[in-house]
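Visitor: got a predicted model here, sequence first, then my questions.
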Amino acid sequence: MAGQYRSGQYRFRTGDQALVRQINLAVIMHQLRENAPISRAALADITGLNKTTVSSLVRELIERQFVREVGFETPGGGRSAGRLAMMLTLDPEAGYIVSAEIGVDFLLVICTNFAPEVIWRCKENINPDMGQQVIFDRLLALLHQAVANGCKTCHTLLGVAVGVPGLVDQASGTLLFAPNLRWENVPLRPPLKEFIDAPLVVDNEANMAALGEHYFGAAQGYDDVLYISAGVGLGGGLVHGGRIYGGVSGFGAEFGHMTMDPEGELCNCGNRGCWETQVSQRALFRYLRRAVGQGRASLLIEMTEDNLGQLTVPIVVEAARAGDPLALEALDVLGRQLGIGVASLVNALNPQLVMFGGILSLAGKFLLPVVEQELRRRALRWNRDAAQVVLARHGFDACVMGGVARVFQAILAEPDTLRRETAWAMTTANA
């Protein structure tokens, strides 16, 4: 048979009518995501498909509850005389998506509809010292809550995504190495699949965040994006040609572990002087504690009731806004180190957009001017002029929005594969 190679047990899908229809359904879904509300006629114009084919595809997507009609609009969107066009959008009630992030010191879980609009969100503080099992059990509890809330408005669980701060083997869903969590070779997909009867994605948090901003945030419309995520550690993601670039092994864009100072601070990865030892929440707090320990005055002492172990990024930002010299100095130093690394990456990668996210993006007002100053000083003029520096639109939620984007991406690519007759949900075991 065509499309099969039996001796090697390989099977290739040929260009039959079913495949062509699948591709055309994906094309229509992508255009609806990017251009809705839009009419059938406009879809035909944009895609090059004939109007009969578009009408047939749209009818199928409406029957599958992915698409809905939202009312009439005259061609071109105006009020001029002419035949009224029925406008189409993705149906927010097509189903719900659950997305989670395991951070070094937090768990964050959201539930969205297919718009995607966030219909439930919960953040919980954790500590690596709690241990893997306790953290995993807390994650499962939050996922159960998200599913329970999603079921209230949408009946179908379309997928679940989990972002983690480390290297992930995509084939097995194993977290290979997360130095700041102190986790190594932790299988995540198999135990999660025991409780989740739905498509499941496990990926690096910065990769997910980059995709989330590309789909739903500040990177929409940009094909080549450098994403930097700064929190307890420093992560990165690359969008190239409109897709996440992970390199040969899928572990690319680990910018936080570039060596910036061979004799610098010891990193949790085992190396010295990694970029994240200079640009991270830990680096910021370390600088402030050393300065106060050397007798420097600061509003931070009063704001933390003389316990700098209680420092948080919002507290430092608040002190900087109040004009505290030490807080401003610490952010300036961190901004310079961030800018030096970004300038090198801009020279190496020549991106259209440099985007900064993670908890330290809360200090963007103070950091970005310093980053841009270092770019002007250190990046090649042609590369520098091509790159715009912005804050992630979704900020702290960029990763979980990226998880939503991963599920979206799979559905938009192959809407025909979703079994609408099955209302996927988590099992009630251990709920």
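Guide: Received, thanks.

Visitor: residues contacting Leu226?
Guide: For Leu226, the residues meeting the contact criterion (C-beta atoms under 8 Å, 6 or more residues apart in numbering) are Gly236, Leu238, Val342, Leu345, Val346, Leu349, Pro351, Leu353, Val354, Met355, Ala387. No exception for glycine: its C-beta is placed from N, CA and C like everyone else's.

Visitor: where's the fifth one, which helix or strand?
Guide: Spelled out, it's Val346. Applying DSSP states H and E as the criterion places Val346 in helix 325-349.

Visitor: what is that helix packed up against?
Guide: Contact here means 3 or more C-beta pairs under 8 Å, 6 or more residues apart in numbering; DSSP states H and E; on that basis helix 325-349 packs against strand 225-230, helix 281-293, helix 299-303, helix 313-321, strand 353-357, helix 364-378, helix 381-386.

Visitor: and stretch 382-400, what's buried?
Guide: For stretch 382-400, the neighbour count (16 or more other C-beta atoms under 10 Å) marks 383-384, 387, 389-400 as buried.

Visitor: so where do the helices sit in the stretch 151-300 of the chain?
Guide: For the stretch 151-300 of the chain, the helices identified by DSSP state H, counting those that start in this stretch occupy 189-193, 205-216, 281-293, 299-303, in order along the chain.

Visitor: so what does the second one touch, helix or strand wise?
Guide: On a contact count with 3+ C-beta pairs under 8 Å, 6+ apart, helix 205-216 meets strand 96-102, strand 157-164, strand 225-230, strand 234-240, strand 243-244, strand 353-357, helix 398-413.

Visitor: and these as JSON lines, adding mean pLDDT and distance to Gly252?
Guide: What follows is the helices and strands packed on helix 205-216, written out as JSON lines (pLDDT from 0 to 100; distance: least, C-beta to C-beta, whole Å):
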{"stretch": "strand 96-102", "mean pLDDT": "97", "distance to Gly252": "20"}
{"stretch": "strand 157-164", "mean pLDDT": "96", "distance to Gly252": "16"}
{"stretch": "strand 225-230", "mean pLDDT": "96", "distance to Gly252": "12"}
{"stretch": "strand 234-240", "mean pLDDT": "95", "distance to Gly252": "7"}
{"stretch": "strand 243-244", "mean pLDDT": "89", "distance to Gly252": "9"}
{"stretch": "strand 353-357", "mean pLDDT": "97", "distance to Gly252": "17"}
{"stretch": "helix 398-413", "mean pLDDT": "91", "distance to Gly252": "16"}
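
Visitor: how about these, which one is nearest Ile301?
Guide: Taking C-beta to C-beta as the criterion, strand 225-230 is the member of the helices and strands packed on helix 205-216 that comes nearest to Ile301, at 24.6 Å.
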